[in-house]
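K.L.:
Here you go, sequence then predicted model.
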Amino acid sequence: MSQELIYLTHRISAQVIEHCLLLSLSAKERTQLRGKRSTLDGVDVILNLPRGGGRLLPGDILKSENSKVFVRIEAAHEDVIRIRSENRLKLLKAAYHLGNRHVEIELHDREVYLLNDVVMQKMLERLGFAIERFKRPFSPEIGAYE
């Protein structure tokens, strides 16, 4: 016996919902507002969100058509590379070169994260960065055209 599919059609601005399913999505998946997904509880849901609302962000809450089911978005752990530097100009140069190759990056005061990529890793090592690999949530900068 199969369960009825749950269609998630709206984002809501609620701070606390007591009974929420959790939907863990990669950074790329958070840009896709339509399609079948599975919550951490194994419940199948269909994203059917209006276009033009921008990517999903960790903490967003989605509701079903009948408002009986609520789902909270969380950032999935992904394989990322971290580079760090106390020299902000050096870090800025790295961000420039990554952006020039259209690589999504997550910026912090003295560190930059990007998805694990052997070609980018080699480029960054040539620029003098030590590479650290992690499995963690990845939240890249939102593009200027989004």
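P.N.:
The structure has been received and is ready for your questions.
K.L.:
buried stuff in stretch 52-60?
P.N.:
By 16 or more other C-beta atoms under 10 Å, the buried positions in stretch 52-60 come out as R55, L56, D60. Bear in mind the C-beta positions are built from the backbone N, C-alpha and C, glycine included.
K.L.:
should've said stretch 115-126
P.N.:
Going by 16+ other C-beta under 10 Å, stretch 115-126 has these buried residues: L115, N116, D117, M120, Q121, M123, L124.
K.L.:
Among those residues, which ones are in helices?
P.N.:
Per DSSP state H, helices hold the following members of the buried residues of stretch 115-126: M120, Q121, M123, L124.
K.L.:
Find the residue at the geometric middle of this structure.
P.N.:
In the chain, the C-alpha nearest the mean C-alpha coordinate belongs to A27, at 2.4 Å (C-alpha atoms, centre = their mean).
K.L.:
what element comes up after the lowest-mean-pLDDT helix or strand in the chain heading to the C-terminus?
P.N.:
When the helices and strands of the chain are scored by mean pLDDT, DSSP states H and E, strand 6-12 comes last with a mean of 91. The helix or strand immediately downstream of strand 6-12 is strand 21-25, counting by DSSP states H and E.
K.L.:
what residues does that following strand touch?
P.N.:
37, 39-41, 43, 45, 56, 62, 69-76 (C-beta atoms under 8 Å, 6 or more residues apart in numbering).
K.L.:
Just the buried ones from the residues you listed?
P.N.:
Buried among these (16+ other C-beta under 10 Å): 37, 39, 43, 45, 56, 62, 69-76.
K.L.:
Considering those, which is situated nearest to D109?
P.N.:
Nearest to D109 out of those is A75 (C-beta to C-beta; 19.7 Å).
K.L.:
Kindly report the domain assignment for this protein.
P.N.:
6-75, 78-137 (automatic domain parsing).
K.L.:
got a markdown table for those, with distance to A144 too?
P.N.:
Shown next, in a markdown table, are the domains of the chain (distance: least, C-beta to C-beta, whole Å):
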| stretch | distance to A144 |
| --- | --- |
| domain 6-75 | 12 |
| domain 78-137 | 11 |
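K.L.:
The chain: helices as residue ranges?
P.N.:
88-100, 118-126.
K.L.:
Show me the one of those helices that comes nearest G143.
P.N.:
helix 88-100 (10.4 Å).
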